[in-house]
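Asker: below are the sequence and a predicted model; questions follow.
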Amino acid sequence: MRRFFQNLKLPGALSNLSAVALIFLVTLGALTLWLFDPIPLQNIRLAQFDQFQRWHLRPYDPQPVRIVDIDEASLKSLGQWPWPRTRIADLVTNLNQAGAAAIAFDVLLIEPDRTSPAAMTQLWQGRQVSEVLRKLPDHDAVLAQALAGRNVVLGNSLANTGTQEPIPKISLPYRIISTGAPKPQEWLHGFDSAVYPLPILSAKADGLGSLNFATDADGVVRRVPLLLGLNEQMVPTLSAEALRVAQGAKNHLLRSSEAGLQDVRIGALTVPTNARGEVWLHYTEPVPERYVSASKVLQGQANVDLLKGHIVLIGSSAAGLMDLRFNPLGQIMPGVQAHALALEQILAGYSLQRPAWARGAEALAMALGALLVGLIALGAPAKWSTGFFMLILTTVVGGTWYAFVSHQLLLDAVNPAIAIIFSFGLASGLHHLVSEREQRWVREAFSRYVSPNKVDYLVKHPDELQLGGQRQTCSFIFTDLANFTGMMESGDPARAVSLLNDYLDEMLTIVFKYEGTLDRIMGDAVAVLFSAPVEQEDHCWRALQCALEMDAFASGYAAKLQAQGMPWGITRIGVHSGEVIVGNFGGKNLFDYRALGDPVNAASRLESVNKHLGTRMCVSEAILNCCPPVPVRYVAQLVLKGKSKPLSVFEPLATTDAAACAPLDKYTQAVNLLRPGKDHDPVGARQAFESLSQQYPNDPLVSLHLERLQQGATDDLIVMSTK
């Protein structure tokens, strides 16, 4: 990771504010979708939850919960549904005798039994038959008598009719007590009407529970509510009532906050729920042991151990009874199985949760992931940005999988992952486009700024494109623009850069005019060499003439800008010549054609020493010895920083201010008194420079030597302690 950030560069693409703004807009768009949470995003999130369940099913842990199934075998053996209520009464009686802790009906008993004697009397109008039928007991009454005191929970159904129909007044066998936020029913799934079992049955039942599920838009049952809203009141579901009746409890105690429900306490059990009072189901493989056929119970063939002390749910897996649901495993299951799963999890103390902080954490992961991946992809090389993208994506997906497997938490990885993938794809595309544009620009700039002689030579001598070098005598020019950093900080950087580009463009035009080879550009500084790669016999003269013309341009350019109020600095130049090694240096993957050796460093030092001498250009004696005579004046014997041997240095008169400088003959007479030899006279030199200083106080070299003499110098040797 450390190496990644060391190699990370954020050039053109990231500096493009439009591209950066686009990544922020993508992130903002993703967060907006997250806020509104449309059904397609919900379906994607739920599909991920379902897939996690398929990959990691809950192991079946037997709990005292059993389903008595009105299955196809029962219908075939005992007749089609609906069965007479007397048969249902027998079923309740047999279950009670087997020791069931509670019996909960996942069927609606809301209409009178059509097989009751009273109903048959209407069908059979014969007087003799009617008399016989009137003497028989009513089937619903028989069932009501069987329900009494046997811990039976009957199912009711809630609906939304939009008519606000009056709810039947019945005596409810439970109380719901709420602590925490007022009106917690506003968080529950709400309904406005209810259908209850026959009053004769409801009156004898120990519990009444709603059979409604909280299905999602795709119809899959993933959650079972414990409480539902019915207008201004709250009602329990079949699962909650079965749990209450099995424990002999009287109340449902729910705890809530401003963020919704937190848990429901039923008897000795506290059940964590989501904000809407629901329990998330973690499915198991289909387990036949969960079911007992209703026909076996009625025929006395059921294993009593499978029923004793159990919460028994009576439901149907028969296709004709239409109580089949879809589960997250892609299977069809009886609706009663959802209640059984919820009760199993509650009794086992197992809780699959989508915590209240989940959406906030997902939004944070989405925002940070999309932003980081997008911005990195804009600026970093492809291999680094792809690696970072895979790291973030793996962290998000792997983290949610770990949370599910190890902590039973449901966190959404898909929607953050989609935002991250889209941000990465968009940023990578922009990076590619910008990189291509920059590469085209670089190629064009390269064709303009790389020395034509270097390009021509390498085209004609491709064998030279290999590592290595050779000794060769070359000349060098180093230039530097004074105080450019200060100009950047104090003024408009964009304006300064534009002026710098114009300045460098003309400086390089002069270099190429004299067929110099551009070694490198270092900000506002330029390094030039002559006689490489193509040898030039007159390389010293070319270097000197090139430097003089560069100085003339730079001085005029500075004067023009200063007249406009732009504090443009002077250009300092150093010129030197000597034997160096020239060639390609670097490695197998990247190398550079340049010169290495002491003369290169000396030329660079000559440029920087100008600021200490007060001059604009310093030329070494090695250059002048190879050129036709050029008007210059002697500066001194300089021992440059990092060197041990002195170098004779001269200042071209063309680079001086003629009005401010002493006449050449007088200056030469004064400086010769400093130079060791027959004319050496430090006292006389001091008197001469004092006289010149009075007449030409702005001559930098006169001031330099006078100051040295006043400090005790006795010769022309100057040892530089700084660059």
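Answerer: In hand now; what should we look at?
Asker: can you count the residues close to the closest residue to residue 334 other than its chain neighbours?
Answerer: Counting by CB to CB, 6 or more residues apart in numbering, residue 317 is the residue found nearest to residue 334 once chain neighbours are left out, at 4.2 Å. Heads up, the C-betas are built off the backbone N, CA and C, glycines and all. With neighbours defined by other CB atoms under 10 Å, the count for residue 317 comes to 21.
Asker: looks like residue 317 contacts residue 293 (just checking).
Answerer: No: the pair residue 317 / residue 293 is not scored as a contact, 9.7 Å apart, by CB atoms under 8 Å.
Asker: now do the shared contacts for the two.
Answerer: 69, 71 (CB atoms under 8 Å, 6 or more residues apart in numbering).
Asker: would you map the helices across the stretch 451-600 of the chain?
Answerer: 452-460, 484-490, 493-513, 539-563, 598-613 (DSSP state H, counting those that start in this stretch).
Asker: state the distance from residue 392 to residue 358.
Answerer: For residue 392, the distance to residue 358 equals 19 Å [CB to CB, to the nearest Å].
Asker: residue 223 too?
Answerer: 14 Å.
Asker: what of residue 274?
Answerer: For residue 274 relative to residue 358 (CB to CB), the value is 10 Å.
Asker: okay, these two: which has more neighbours?
Answerer: residue 274 (21 against 17).
Asker: how about the residue nearest to that one when sequence neighbours are not counted, what does it touch?
Answerer: Spatial nearest neighbour of residue 274, excluding adjacent residues (CB to CB, 6+ apart): residue 354 at 5.9 Å. By CB under 8 Å, 6+ apart, the contact set of residue 354 is 274, 280, 409-411.
Asker: pLDDT for those - can I get that in TSV?
Answerer: Shown next, in TSV, are those (pLDDT from 0 to 100):
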residue	pLDDT
274	93
280	95
409	95
410	93
411	94
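Asker: out of these, name the two that are farthest from one another.
Answerer: Greatest spacing in those, by CB to CB: 274 and 411 (13.5 Å).
Asker: pretty sure residue 300 is touching residue 94, no?
Answerer: Yes: shown here, residue 300 and residue 94 form a contact pair, counting by CB under 8 Å, at 6.8 Å.
Asker: ok, the two, which is more surrounded?
Answerer: Ranked by neighbour count (other CB under 10 Å), residue 300 and residue 94 place residue 94 first, with 20 against 10.
Asker: from residue 45, how far out is the spatially most central residue of the chain?
Answerer: Nearest to the geometric centre of the chain sits residue 369, at 1.3 Å (CA atoms, centre = their mean). Here residue 369 is placed at a distance of 16 Å from residue 45 (CB to CB).
Asker: any regions of this structure where pLDDT drops low?
Answerer: Where the chain drops to pLDDT under 70, the residues are 1-16, 116, 118-136, 164-165, 435, 438-468, 587-591.
Asker: could you point out the longest strand of this structure?
Answerer: Across the chain, the longest stretch assigned as strand under DSSP state E is strand 571-586.
Asker: report the angle between that one and helix 598-613.
Answerer: Put simply, strand 571-586 runs at 160 degrees to helix 598-613, going by axes from the mean of the first three to the mean of the last three CA atoms, to 10 degrees.
Asker: in strand 571-586, what counts as buried?
Answerer: Of all the residues in strand 571-586, those buried under the rule 16 or more other CB atoms under 10 Å are 571-578, 580-584.
Asker: what's the answer for stretch 92-100, then?
Answerer: Result for stretch 92-100 [16+ other CB under 10 Å]: buried residues 92, 94-96, 98, 100.
Asker: and that stretch, how far out from the chain's middle?
Answerer: 59 Å (CA atoms, centre = their mean, to the nearest Å).
Asker: that older thread, and the buried residues of strand 571-586, which is closest to residue 694?
Answerer: residue 572 (27.8 Å).
Asker: pull the residues that contact the helix or strand containing residue 239.
Answerer: Per DSSP states H and E: residue 239 is located in helix 238-247. Outside helix 238-247, the residues within contact range by CB under 8 Å, 6+ apart are 101-102, 104-106, 151-153, 155, 174, 206-211, 224, 226-227, 236, 250-252, 264, 266-269, 279, 311, 313, 339, 342-343, 346.
Asker: whichever of the residues you listed end up buried, select them in PyMOL.
Answerer: Only the buried entries of the contacts of helix 238-247 go into this PyMOL selection, using 16+ other CB under 10 Å:
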select buried, resi 101+102+104+105+106+151+152+153+155+174+206+207+208+209+210+211+224+226+227+236+252+264+266+267+279+311+313+339+342+343+346
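Asker: so residue 76, which state does it fall into?
Answerer: helix (DSSP: H, G, I helix; E, B strand; the rest coil).
Asker: what distance do you get for it to residue 57?
Answerer: For residue 76, the distance to residue 57 equals 32 Å [CB to CB].
Asker: quick revisit: the residue nearest to the centre of the chain reaches residue 422, doesn't it?
Answerer: No: contact criterion CB under 8 Å: residue 369 and residue 422 do not qualify, at 10.9 Å.
Asker: return the residues in contact with the spatially closest residue to residue 252 that is not a sequence neighbour.
Answerer: Excluding its sequence neighbours, the residue lying closest to residue 252 (CB to CB, 6+ apart) is residue 176, at 4.7 Å. By CB under 8 Å, 6+ apart, residue 176 lies in contact with 227, 233-236, 251-252, 254.
Asker: mind listing the helices for the stretch 151-300 of the chain?
Answerer: Under DSSP H, counting those that start in this stretch, the stretch 151-300 of the chain gives helices at 199-202, 238-247, 294-298.
Asker: so for residue 373, which of these sits nearest?
Answerer: helix 238-247 (43.3 Å).
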